[in-house]
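[1] build me a structure from this.
(one chain, ligands or ions: 1)
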Amino acid sequence: MSAQTSQQTVKSMDKIVALCRRRGFLFQSSEIYGGLNGFWDYGPMGVELKRNIKQAWWHDMVTSHNELLTPPGAPGPYAMVGVDTTIIMHPQVWKVSGHYDLFHDMMVDCRETKRRYRYDQVVGRWVQYGGQRIFVTTDEEGPQTEQDLLQRALKFFKLRSKNAEELQWDGPVQPLKCVQDFSVVLGPDAKSLGTLTQPREFNLMFKTYVGALAGEENVAFLRPETAQGIFVNFKNVLDSTRVKIPFGIAQIGKSFRNEITPRYFTFRSREFEQMEIEFFCHPKESQQWYKYWRDRRFQWYVSLGLDSQRLRLREHGAEELSHYSTGTADIEYAFPFLPPGKFGELEGIAHRGDFDLRSHMEGKLDPNTRPLQVELGPDGKPRWRGSGKDLTYRDEVTGERYVPHVVEPSAGADRAALAFLCEAYDEDQAPDEKGNPQNRVVMRFHPRLAPIKVAVFPLVKKEGMVEIARDIYGQLKKHANVFYDEKGAIGRRYRRQDEVGTPFCITVDGQTLEDRTVTIRDRDTLRQWRVKIDDCWSEIEKHLQPTH
Ligand code: GAP
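    Have a look, this model is predicted:
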């Protein structure tokens, strides 16, 4: 019997967050102490989901890549290798990369509430009442923004909801940066006007000290991206392997950013994981590689179940591009916490030219950027220059020497996990044991990503079914994450698995005792079919293969 899939399941973020907590996907970090804003812990289900995402990425991008063939859409064959570099690196890395001087957001502080906001995220609307015109703001741009602004304006002017029509709104919701005079601005949480400070720069890197002394000499930073660990090892990888250009170096690891306003669940966290590739190629071929990686990465999300209707590839306009980039595209997803029609970044694919390798060689930044604030060392020479090491590449066939260009597909493992969680969430009706429709919540994860691949149940706890079910469980455990459950009505056991997205349930029943067959139930179609016990794994395994 098939499930009545609800075409219109409203992907409510509240419901998704509640499910994540209830079923052990995500918890607030240090929750028993009140939590720490911008930090999240993955529970028993979440850790499996995120691990499966990272494993799928590493498998599909690195280990299963065949360097002898030209993949569809690629200008030629290429090699892929991986690294795992440290979170704390030489401070010079961040000076040369530009993060020390340029990796900041503009912030505004509220003198009244002592809260801090990202300047570019405060939005508001002009509103007038009783001859007074103010700019009422919020820092939460979402489906509820206009309603929030209305409530704030009513409160400020001491009006009741029934008097809402007396407010005269002027123009659409617009960013705070459109406003010159802050004395008429009502800050996002303030009661009085004019409490916001002028915007100031705020560097997003977390600072720490290496060694016993906490002096300026020992300052170090937690990496804000994994990419630099790859660039500084470019030569090591070349010298220790036989890779030739074009090739990519991949890395998965933690990054840290002291975000001013972490929010939207894990979307903008202060500690998160990235899955980055730095792809080194000849400058003349770099545009072709850029297009290849952009399309390849988009398809990867689709192959793992993200609805292409909710995904989009957005090329940056010239004004958005970094000074060194000749092309950047974001893969974006219509997260349910965003207003209709808005998308959030999942991954950026950037053409970085030779900026990074050249900077690590020469310590130069493009003259268009703000110049590095050069400090002088005791010898009177600038303290931070490039490494001075030769990071050029010599083509053994042509003899040409050049600084390779880089294409960088940079994905967030936590954002991907959040997108897969949002996409998977569904509500429908499935029949219970008596055939009566029951509401259920079902997480429709792609089987490769599902935390539990298969659950094994004895139909009832008697007549030898338990022994057989436990034996099947033991056999399947050798291959995958499997769950065993013998308690409660079978319908309830199915629904508990649906809620964590287990794609298959195996049930041992009376017939098993006669012919050693079991039923397999498909989470999405609810189809049930019988297979021999010995064929269980091969039946399930075929659904766990990559589909691209
Ligand atoms: N090396 C390039 C780089 O780091 P980015 O666009 O700043 O580029 C890449 O980050 C990806 O890392 C983003 O697309 C996003 O998926 C993830 N990411 C960035 N900041 C994040 C944050 N505060 N919380 C969660 N994920 C984040």
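
[2] going forward, measure contacts between C-alpha atoms and count neighbours the same way
    Fine.

[3] can I see the domain layout of this protein?
    48-103+206-420, 105-202, 452-541 (automatic domain parsing).

[4] out of those, which gets nearest to the ligand?
    The minimum distance between the ligand and these falls on domain 48-103+206-420, with 3.2 Å, by C-alpha to the nearest ligand atom.

[5] just give me how far the closest one sits from the chain centre.
    Put simply, domain 48-103+206-420 sits 14 Å off its chain's centre (C-alpha atoms, centre = their mean, to the nearest Å).

[6] next, the distance between the ends of it.
    13 Å (C-alpha to C-alpha, to the nearest Å).

[7] returning to that earlier point: okay, the domains of the chain in a markdown table with mean pLDDT, mean neighbour count and distance to the ligand next?
    As requested, the domains of the chain are exported to a markdown table (pLDDT from 0 to 100; neighbours: other C-alpha atoms under 10 Å; distance: least, C-alpha to the nearest ligand atom, whole Å):
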| stretch | mean pLDDT | mean neighbour count | distance to the ligand |
| --- | --- | --- | --- |
| domain 48-103+206-420 | 92 | 18 | 3 |
| domain 105-202 | 93 | 17 | 12 |
| domain 452-541 | 95 | 18 | 23 |
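
[8] can I get those in TSV including distance to Asn439?
    Putting those into TSV (distance: least, C-alpha to C-alpha, whole Å) gives the following:
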stretch	distance to Asn439
domain 48-103+206-420	22
domain 105-202	27
domain 452-541	9
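
[9] how about those domains, which one is nearest Arg440?
    domain 452-541 (6.6 Å; C-alpha to C-alpha).

[10] how distant is that closest one from the center of its chain?
    33 Å.

[11] end-to-end on that domain?
    First-to-last distance for domain 452-541 - C-alpha to C-alpha - comes to 13 Å.

[12] shift numbering so it begins at 263
    With 263 as the first residue, the last one maps to domain 714-803.

[13] and the longest helix for the protein?
    helix 548-565 (DSSP state H).

[14] show me what the helix or strand containing Arg732 is packed against.
    Assigned by DSSP states H and E, Arg732 belongs to helix 727-739. Under the contact criterion of 3 or more C-alpha pairs under 8 Å, 6 or more residues apart in numbering; DSSP states H and E, helix 727-739 touches strand 716-720, strand 744-746, strand 766-770, helix 772-777.

[15] report the angle between it and strand 766-770.
    Relative orientation of helix 727-739 versus strand 766-770 (axes from the mean of the first three to the mean of the last three C-alpha atoms, to 10 degrees): 140 degrees.

[16] next, the angle from helix 727-739 to strand 716-720.
    Using the same axes, to 10 degrees: helix 727-739 against strand 716-720 is 160 degrees.

[17] just the CA trace of helix 727-739, in PDB.
    Output of helix 727-739 as PDB, limited to C-alpha atoms (Å, rounded to 0.1, in the frame of the first residue of the first chain):
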ATOM      1  CA  MET A 727      11.200 -15.000  15.600                       C
ATOM      2  CA  VAL A 728      13.400 -13.100  18.100                       C
ATOM      3  CA  GLU A 729      16.400 -15.400  17.600                       C
ATOM      4  CA  ILE A 730      16.200 -15.100  13.800                       C
ATOM      5  CA  ALA A 731      15.800 -11.300  13.900                       C
ATOM      6  CA  ARG A 732      18.800 -11.000  16.200                       C
ATOM      7  CA  ASP A 733      20.800 -13.100  13.900                       C
ATOM      8  CA  ILE A 734      19.900 -11.000  10.800                       C
ATOM      9  CA  TYR A 735      20.700  -7.900  12.800                       C
ATOM     10  CA  GLY A 736      24.100  -9.300  13.700                       C
ATOM     11  CA  GLN A 737      24.800 -10.200  10.000                       C
ATOM     12  CA  LEU A 738      23.700  -6.800   8.600                       C
ATOM     13  CA  LYS A 739      25.700  -4.900  11.300                       C
END
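
[18] ok, residues contacting that helix?
    Here helix 727-739 makes contact (C-alpha atoms under 8 Å, 6 or more residues apart in numbering) with 718-722, 744-746, 748, 769-772, 774-775, 795, 799.

[19] can you rerun that using 6 Å?
    Applying C-alpha atoms under 6 Å, 6 or more residues apart in numbering, the external contacts of helix 727-739 come out as Pro720.

[20] now the helices for this protein?
    275-284, 306-320, 353-359, 361-364, 407-418, 489-493, 496-502, 548-565, 617-624, 675-686, 727-739, 752-762, 772-777, 798-803.

[21] of the ones you listed, which is nearest Met467?
    helix 361-364 (7.8 Å).

[22] distance of Gly763 relative to Val447?
    Taken as C-alpha to C-alpha, the span from Gly763 to Val447 is 47 Å.

[23] find the residue at the geometric middle of the protein.
    Arg677 (1.7 Å; C-alpha atoms, centre = their mean).

[24] let me see the contact set for it.
    529, 608.

[25] run the last query once more with 7 Å
    Counting by C-alpha atoms under 7 Å, 6 or more residues apart in numbering, Arg677 touches 528-529, 608.

[26] just to revisit the earlier point, contact partners of the longest helix of the chain?
    Under C-alpha under 7 Å, 6+ apart, the answer for helix 548-565 is 335-337, 570, 591, 593, 611, 613, 667, 669, 671, 809-810.

[27] got the contacts of Arg677 as CSV, with distance to Gly392 columns?
    Below are the contacts of Arg677 laid out as CSV (distance: C-alpha to C-alpha, whole Å):
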residue, distance to Gly392
Thr528, 42
Phe529, 41
Leu608, 45
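
[28] which of the residues you listed fall in strands?
    Leu608 (DSSP state E).

[29] pretty sure Ala679 contacts Lys312?
    Yes. Applying C-alpha atoms under 7 Å, one finds Ala679 in contact with Lys312, separated by 5.9 Å.

[30] ok, now how distant is Tyr471 from Ala482?
    5 Å.

[31] could you do Leu788 as well?
    For Leu788, the distance to Ala482 - C-alpha to C-alpha - is 54 Å.

[32] try Gly286
    From Gly286 to Ala482 the distance is 35 Å (C-alpha to C-alpha).

[33] Lys553 now?
    Taken as C-alpha to C-alpha, the span from Lys553 to Ala482 is 36 Å.

[34] show me what contacts the residue lying closest to Lys497 once chain neighbours are set aside?
    Computed as C-alpha to C-alpha, 6 or more residues apart in numbering, the closest residue to Lys497 that is not its neighbour in sequence is Leu653, at 6.3 Å. Contacts were defined as C-alpha under 7 Å, 6+ apart; by that measure Leu653 touches 497, 619, 623, 665.
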